[in-house]
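Student: quick one, fold the following:
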Amino acid sequence: MSDSQQNDTVQHAGAVQPLSRIITISEISSRGLDVELKADAEILAALARRMEVSEIRDFKARINLSHEGDDGIHATGMVHAIIKQACGVTLELFEAPLNEEVDVHFVPAGTPVPPESLEDESYDPPDEIQDGRIDVGALAVEYLALGIDPYPRKPDAVFEVPEQDPTALSPFSALSRLKD
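Tutor: The predicted structure is shown next:
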């Protein structure tokens, strides 16, 4: 394994952030730094509770950190997981793969950034480097959260409208029953 690669099984880092892997800027060589994260069962359970899904399995993140400009860092990579959640139509649990691409620019804290343009919805302001460090674990968790479908639908799930008496839908039907 080269100096620019690290394999980590991330251990529980506390209640505030279940997955944390701090990288200091000085650890990133001129060739960059590849960071691989895998979560253990305890962290997967904590992430599932935090994301309000039934289960998260096979969580992996591969993120490359490279220098950008004078003081910036560019993070690119992928976050993979299997998410088990309830279908919004049938309420059955099902598993769905999650594959989220990571592409984030970091600048030192306090660096002036151009104001967000109202016309440019694709503008994503850079994140800040805090005290010369980047939490790659927190970044991976952020992209995990962004990738979870808020309205999950099991493949082939079909919503069927229940049959109803058309007179029961009328607000006057209740009044007519009072008259009788």
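Student: so which residues of the chain form strands?
Tutor: With DSSP state E, the ranges of strands along the chain come out as 5-10, 22-24, 33-39, 55-68, 72-86, 93-108, 127-129, 133-135.
Student: which one of those lies closest to Ala157?
Tutor: Comparing these against Ala157 with C-beta to C-beta, the closest turns out to be strand 93-108 (8.4 Å). (C-beta placed from N, C-alpha, C; glycine too.)
Student: helices and strands around that closest one, which ones?
Tutor: strand 55-68, strand 72-86, strand 127-129, helix 136-147 (3 or more C-beta pairs under 8 Å, 6 or more residues apart in numbering; DSSP states H and E).
Student: which among the strands of the chain is found nearest to Pro115?
Tutor: Comparing those against Pro115 with C-beta to C-beta, the closest turns out to be strand 93-108 (14.8 Å).
Student: I'd guessed Arg57 sits against Ala81; true?
Tutor: Yes: applying C-beta atoms under 8 Å as the test, Arg57 and Ala81 come out as touching, 6.9 Å apart.
Student: out of those two, which sits in the busier spot?
Tutor: More neighbours surround Ala81 than the other of Arg57 and Ala81, with 26 against 13 (other C-beta atoms under 10 Å).
Student: please name the bridge partners of the more buried one.
Tutor: When bridges are taken as DSSP bridges, the partners of Ala81 come out as Leu98.
Student: for it, what are its contacts?
Tutor: Each residue near Ala81 by C-beta atoms under 8 Å, 6 or more residues apart in numbering is listed here: Ile56, Arg57, Asp58, Phe59, Lys60, Pro97, Leu98, Leu144, Gly147.
Student: among the residues you listed, name the buried ones.
Tutor: Ile56, Phe59, Leu98, Leu144, Gly147 (16 or more other C-beta atoms under 10 Å).
Student: so the third one touches Gln85, yeah?
Tutor: It refers to Leu98. No: here Leu98 does not reach Gln85: they are 10.5 Å apart, not a contact under C-beta under 8 Å.
Student: give me the common contacts of these two.
Tutor: Listed as contacting both Leu98 and Gln85 by C-beta under 8 Å, 6+ apart are Ile148.
Student: for Arg31, report the pLDDT, please.
Tutor: Reported pLDDT at Arg31 in the predicted model: 94.
Student: okay, it and Ser66: tell me how far apart.
Tutor: 8 Å (C-beta to C-beta, to the nearest Å).
Student: looking at these two, which is more packed in?
Tutor: For Arg31 versus Ser66, neighbours defined as other C-beta under 10 Å are more numerous around Ser66 (17 against 11).
Student: contacts only, for the more buried one.
Tutor: Taking C-beta under 8 Å, 6+ apart as the criterion, Ser66 is in contact with Ile28, Gly32, Leu33, Ile73, His74, Thr76.
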